[in-house]
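**Q** Starting from these lines, generate the structure:
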Amino acid sequence: MRQRIAMWAAAGSLIAAFWAFYLFPTPPMNSTAILALARLSCPVAFVSFGLRVSWVILANAVTYALIGFVIEMLRTRTPSTQL
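**A** Numbering: from 1, shown residues only. From the prediction side, this is the model:
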């Protein structure tokens, strides 16, 4: 279970790092689809203004780890049907 939560946290940090490297160097676009996707996958970056990129990556990793923890807890409580 710890490894799965760590994978969720790693995925969260990689997603935030991707958006940091993709959105910062590019000029502002009018594409609302890309910004909406960024806001859905990295909500911490757009909720908290004034954070450094490293803190956004860390906060997104913690957010994804919490989501992974909840999913893993629900997964262990759900009885599996094995034949």
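**Q** Quick check, central residue of this protein?
**A** In the chain, the centroid-proximal residue (CA atoms, centre = their mean) is G12; its distance is 3.4 Å.
**Q** Which helix or which strand is home to the closest residue to it other than its chain neighbours?
**A** Spatially, and ignoring its direct neighbours in sequence, G12 is nearest to Y64 (2.7 Å; CB to CB, 6 or more residues apart in numbering). No exception for glycine: its C-beta is placed from N, CA and C like everyone else's. Y64 is part of helix 53-77, with elements assigned from DSSP states H and E.
**Q** for that helix, packing partners?
**A** Packed against helix 53-77, as judged by 3 or more CB pairs under 8 Å, 6 or more residues apart in numbering; DSSP states H and E, are the following elements: helix 2-23, helix 43-47.
**Q** now the angle from it to helix 2-23?
**A** 140 degrees (axes from the mean of the first three to the mean of the last three CA atoms, to 10 degrees).
**Q** will you turn the helices and strands packed on helix 53-77 into a markdown table that also has distance to M73 and mean pLDDT?
**A** As requested, these are exported to a markdown table (distance: least, CB to CB, whole Å; pLDDT from 0 to 100):
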| stretch | distance to M73 | mean pLDDT |
| --- | --- | --- |
| helix 2-23 | 10 | 88 |
| helix 43-47 | 21 | 71 |
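**Q** Serialize these to a markdown table and add fields for distance to I57.
**A** Below are the helices and strands packed on helix 53-77 laid out as a markdown table (distance: least, CB to CB, whole Å):
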| stretch | distance to I57 |
| --- | --- |
| helix 2-23 | 4 |
| helix 43-47 | 9 |
